[in-house]
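Based on what follows, work out the 3D shape:
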Amino acid sequence: MSAPPRSWRLVRARREAIPPSVRRFSARARQRRWQAARPWLVGAAGLALAGLAGWLVYGTPLLGVREVAVRGATLLSADEVRAAARIPAGTPLASLDLAAVRRRVVALPAVRVATVERDWPSRVLIVVTERVAVAQVRRSDGRFDLIDGSGVVFHTVPSDAGLPALKLAAPHPGDPTTVAALKVLAALTADLRAQLLTLVADSPARIHLELRGSRQVIWGDATENAAKAQAATGLLGYPAGVIDVSAPQYVTVH
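Numbers count the residues shown, from 1 in each chain. Just a heads-up that it's a prediction; the model follows:
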């Protein structure tokens, strides 16, 4: 039982034999080593934490997509927008390609503009602005295509939508006849619109209005539209079957 105390006394004696100056030097050396290593240790710990955080955010479904919310859709259903967006459940929200999602949504004919945003921690918000119909084109099957102000056919309805009717061979944004017809339609006065049955455009230079009471307005091309509209409106009360405003300075009726 006496051996351990002797060993302890021996070690203690050896330590006490070290001069105080040496012990202080050793302590300062250890402190310097720790101070030199501390930035590296802190940096390594920071990198490890950053790597872990990046893995959790980008590489796991922990912050993945659990909901796709849709706002602004009326012609389209929210499910139609989600189907076009094609965002798989669980896709890491941070790595989701928002621009690609937006392109897919805007490819829907009824969508004019779309925005896509991350809504942390697990939701994607899609806000759509749909096209606004300014006219309708009757199809051969009796249904009606809705067309916006730029000439895009974006929706089909089973019956008359109560919009101004256009008669066009091939409505399309790049079609000169479509562009001319829409310019004329935009220039019509409220009185002309109230009498309009169909705006017929056979070519960019051959446009006429079919009005109630079997009356016609020969419009010609899509130039001087404001003057033509005023001239035609002024003659609506005149008992004539045909009003020719193709040259608005020389209006003829018969």
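
Now do the SS call for A222.
Secondary structure for A222, judged by DSSP: H, G, I helix; E, B strand; the rest coil, is coil.

quick one: contacts for the nearest residue to it once chain neighbours are set aside?
Take A222 and drop its neighbours on the chain: the residue closest to it by CB to CB, 6 or more residues apart in numbering is A180, 3.9 Å away. Just so you know, the C-beta spots here come from the backbone N, C-alpha and C atoms, and that holds for glycine as well. Remark: with contacts taken as CB atoms under 8 Å, 6 or more residues apart in numbering, A180 is in contact with A201, P204, A205, I207, D221, A222.

now swap in S150 and tell me
Per CB under 8 Å, 6+ apart, neighbours of S150: P173, L182.

ok so it is a strand residue?
No. Using three-state DSSP, the assignment for S150 is coil, not a strand.

Just the pLDDT for it.
S150 is assigned a pLDDT of 96 by the prediction.

Ok, the one 5 residues further on next?
With respect to pLDDT, H155 scores 96.

before we move on, what SS does it have?
Secondary structure for H155, judged by three-state DSSP, is strand.

For the closest residue to it other than its chain neighbours, name its beta-bridge partners.
Closest residue to H155 apart from its sequence neighbours, by CB to CB, 6+ apart: L146 at 4.4 Å. Beta-bridge pairing of L146 under DSSP bridges involves Q136, H155.

list the helices and strands the helix or strand harbouring V101 packs on?
Element membership of V101 [criterion: DSSP states H and E] is helix 98-106. For helix 98-106, the packing partners by 3 or more CB pairs under 8 Å, 6 or more residues apart in numbering; DSSP states H and E come out as helix 78-85, strand 111-119, strand 123-130.

ranking these by burial, who's on top?
strand 123-130 (a mean of 19; mean count of other CB atoms under 10 Å).

what's Q195 sitting at in phi/psi?
Backbone geometry at Q195, expressed as degrees, to the nearest 10, gives phi -100, psi -10.

looking at the sheet around the nearest residue to it once chain neighbours are set aside, what are its partners?
Distances taken as CB to CB, 6+ apart place L211 nearest to Q195, at 4.4 Å, with adjacent residues excluded. Beta bridges link L211 to L196, R215, judged by DSSP bridges.
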